[in-house]
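Chemist: What would the 3D arrangement of this be:
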Amino acid sequence: MSEENEYITLVKLTLAGDHEAYGELYEKTVTDVYRTVRFLVHVR
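Modeler: Residues are numbered from 1 along each chain as shown. Below is the predicted model:
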């Protein structure tokens, strides 16, 4: 399964109320989100 498909599956499961899928999605994306926000704050 491609990474994109894995994210789509995790989002669908999260929307269906699967707390484990939410945790897995969070763990897979938190670092990228943090880096993006940090970059945007420093660019200002």
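Chemist: Can you report phi and psi for Asp18?
Modeler: Here is the backbone geometry of Asp18 (degrees, to the nearest 10): phi -80, psi 110.
Chemist: Distance of it relative to Thr36?
Modeler: Distance of Asp18 to Thr36, given as CB to CB, to the nearest Å: 25 Å. Bear in mind the C-beta positions are built from the backbone N, C-alpha and C, glycine included.
Chemist: of these two, who's got more company?
Modeler: Legend: neighbour count by other CB atoms under 10 Å for Asp18 and Thr36, higher for Asp18 (14 against 10).
Chemist: give me every residue that touches the residue sitting nearest the centre point of the chain.
Modeler: The residue lying closest to the centre of the chain (CA atoms, centre = their mean) is Thr29, at 3.4 Å. Under the criterion of CB atoms under 8 Å, 6 or more residues apart in numbering, the neighbours of Thr29 are Tyr7.
Chemist: Show me what counts as buried in the helix or strand hosting it.
Modeler: Assignment of secondary structure by DSSP states H and E places Thr29 within helix 19-43. By 16 or more other CB atoms under 10 Å, the buried positions in helix 19-43 come out as Ala21, Glu24, Leu25.
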